[in-house]
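Asker: missing the sequence, but the structure's below:
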C-alpha cells in the first residue's frame, strides 16, 4: 500500500482538513495565491501545525499530475480502504439504509460526480467492485468537491455476493436497465434501499442485474439512447429522496 499520495483543489483539500486533518502531511501553496478563497485553508492548516511551503505552478502541476489544482496541493496519508467487512457496521447504524452501487464505473470524473450526487442526496455509502472500477484517486477527490471525505466508499471483492448479503439484511435493490420491469417513477423507493447503476454504454453486468429485486428504466423522450452514469445516478437518487421525504 502507498504510504502517501497527493490530493488537489480547494474543496477537496478543505474537506480533508475538516474531516481527517491527521492525514495531511504537508500543504503546498502556489506562490502569490494567498487570496480569500485560500485563507480558510491556511487558517485550518495553521491550527493543526501543518507545514505550508509555497512553490511554483510548475511544481504543483507535477505533484498533482494536473493543472486543475487551483494553487493548492496536499501530500496526504492514504485513506483507510473500506471493504465488505465494514459494510455491516454501517448497516447496523442505519435504521433505513440508503446505498448506491456502481458496477464497473472506471472513469474518475464519473465516480467523483457520483460521490457528489450521493453526498447531496444523503446516501450512507457507495459500493463498488474492487476490480474493474476506479478507486479514490486525486482526480476523483477533486471532482467530488469534498464528498470523497463524507461518503464512505466500500470496495468489495465479489459484488454479486455483497448484493445478496444486502438483501439478507433487508435492503431492497433497484437496478437500472433498458429492459426494465417499470420506469423509475413507478418504482417504490422508500425503506432500506440500494440503487444499482451500471457503467455508461455497458449497463449492469448480467450477475449484478440478476441480483436486483426490481429493474427500472429512466424514461427518455429524445433520440439519445443513454445518459452519462453520473447524470442518471443523480436522477435516480433524487427521485428516491423525493419519495422518502413524502
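Answerer: Yes, it's here. Predicted model, so just to flag it, every value in this text is computed and none were measured.
Asker: Now do the helices in this protein.
Answerer: Here the chain has its helices, by DSSP state H, at 10-19, 39-47, 57-64, 84-93, 108-121, 138-144, 159-168, 206-210, 229-245.
Asker: now the angle between helix 159-168 and the fourth one, please.
Answerer: Helix 84-93 and helix 159-168 are oriented at 20 degrees to each other (axes from the mean of the first three to the mean of the last three C-alpha atoms, to 10 degrees).
Asker: What of the third one?
Answerer: Here the directions of helix 57-64 and helix 159-168 differ by 70 degrees (the same axes, to 10 degrees).
Asker: contacting residues around the closest residue to residue 128 other than its chain neighbours?
Answerer: Once flanking residues are discounted, residue 128 sits nearest to residue 102: 5.0 Å by C-beta to C-beta, 6 or more residues apart in numbering. (C-beta placed from N, C-alpha, C; glycine too.) Counting by C-beta atoms under 8 Å, 6 or more residues apart in numbering, residue 102 touches 111, 114, 126-128, 133, 197, 229, 233.
Asker: In the sheet, which residues pair with residue 102? Tell me.
Answerer: residue 197 (DSSP bridges).
Asker: pLDDT score assigned to it?
Answerer: Residue 102 carries a pLDDT value of 97.
Asker: Which residues does the lowest-mean-pLDDT helix or strand in the chain contact?
Answerer: In the chain, the helix or strand scored least confidently by mean pLDDT, DSSP states H and E is helix 138-144, which has a mean of 82. Residues outside helix 138-144 that contact it (C-beta under 8 Å, 6+ apart): 5-9, 11-12, 15, 64-66, 68-69, 108-109, 111-113, 115-116, 119, 134, 148-149.
Asker: now these: which count as buried?
Answerer: Buried members of the contacts of helix 138-144, counted by 16 or more other C-beta atoms under 10 Å: 5-9, 11-12, 15, 64, 66, 69, 108, 111-113, 115-116, 119, 134, 148-149.
Asker: that older thread, and the least confident helix or strand of the chain, which residues are buried?
Answerer: Result for helix 138-144 [16+ other C-beta under 10 Å]: buried residues 138-144.
Asker: Out of the residues you listed, which comes closest to residue 221?
Answerer: Nearest to residue 221 among those, counting by C-beta to C-beta, is residue 143 at 28.3 Å.
Asker: Setting aside sequence neighbours, what's the nearest residue to the closest one?
Answerer: residue 112 (2.6 Å).
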